[in-house]
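*Asks:* Show me how the following folds:
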Amino acid sequence: MDIATLLSTDRIIFEDEVSSMKKAFEQLSRLLQKGENEDAPSAHAVFDALTSREKLGSTTLGNGIAIPHACMDIPEPIAALLVTDEGIKMDAPDKKPVHLLLALLIPRDNSHMYQPLIKELAANINRKGLYEIFLQHQNPSLTLDHISSLFITDIAA
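*Replies:* Numbering: from 1, shown residues only. Got it, this is the predicted structure:
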């Protein structure tokens, strides 16, 4: 799946200070609620879904990266990206703070695509120092282009 179909520049933000996972999930929930669909779930419903999933087990990958995700009653998968300089304490395998959170909502009706999509995203964005590149330019368009190039490079290889 092409990351550009999941993520858009209006769902990419850079925040200097996000003090907790709760605050990060609140920010991501507001971004995910901005979907093109009129029947998009409320930010509160998105927050509850992400939080409930996180309670089942950490969605951190290490290298300062997490992919919080949940299944919801939505027509298409949608993603949002939060990049923070401070870093957030989460239950990362390498015990390091999380700086890049790529949140993902998957349609409940297509939950079979859930695990393969998470694995594909994880394989392509789990790169040491990736969030530092994004923090340098703090530009949603450049960030989206960079993420898209990670997928093109791996597919072509």
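
*Asks:* Please name the bridge partners of the most centrally placed residue in the chain.
*Replies:* Taking C-alpha atoms, centre = their mean, the centroid of the chain lies closest to Leu102, which sits 1.2 Å from it. Beta-bridge partners recorded for Leu102 (DSSP bridges): Leu81.

*Asks:* In this structure, where is pLDDT below threshold?
*Replies:* 1-4, 35-39, 128, 152-157 (pLDDT under 70).

*Asks:* Strands of that one, start to end?
*Replies:* 12-15, 60-62, 65-66, 69-72, 78-88, 98-107 (DSSP state E).

*Asks:* and the fifth one, what does it pack onto?
*Replies:* Okay, so that is strand 78-88. Strand 78-88 is packed against helix 3-6, strand 12-15, helix 21-33, strand 98-107, helix 130-137, helix 140-156, with contacts defined by 3 or more C-beta pairs under 8 Å, 6 or more residues apart in numbering; DSSP states H and E. Every residue, glycine included, has its C-beta placed from N, CA and C.

*Asks:* Specify the angle between the third one and strand 98-107 in degrees.
*Replies:* For helix 21-33 against strand 98-107, the angle between stretch directions is 40 degrees (axes from the mean of the first three to the mean of the last three C-alpha atoms, to 10 degrees).

*Asks:* Same list (the strands of the chain) but as CSV, adding distance to Thr143.
*Replies:* Formatted as CSV, those follow (distance: least, C-beta to C-beta, whole Å):
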stretch, distance to Thr143
strand 12-15, 5
strand 60-62, 18
strand 65-66, 14
strand 69-72, 19
strand 78-88, 7
strand 98-107, 10
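
*Asks:* just to revisit the earlier point, between the helices and strands packed on strand 78-88, which one is nearest to Ile67?
*Replies:* Of all the helices and strands packed on strand 78-88, it is strand 98-107 that lies closest to Ile67, at 5.1 Å by C-beta to C-beta.

*Asks:* That closest one to helix 130-137, inter-axis angle?
*Replies:* Going by the same axes, to 10 degrees, strand 98-107 makes 100 degrees with helix 130-137.

*Asks:* Which elements pack onto strand 98-107?
*Replies:* If you count contacts as 3+ C-beta pairs under 8 Å, 6+ apart, strand 98-107 packs onto helix 21-33, helix 43-56, strand 65-66, strand 69-72, strand 78-88, helix 114-125, helix 130-137.
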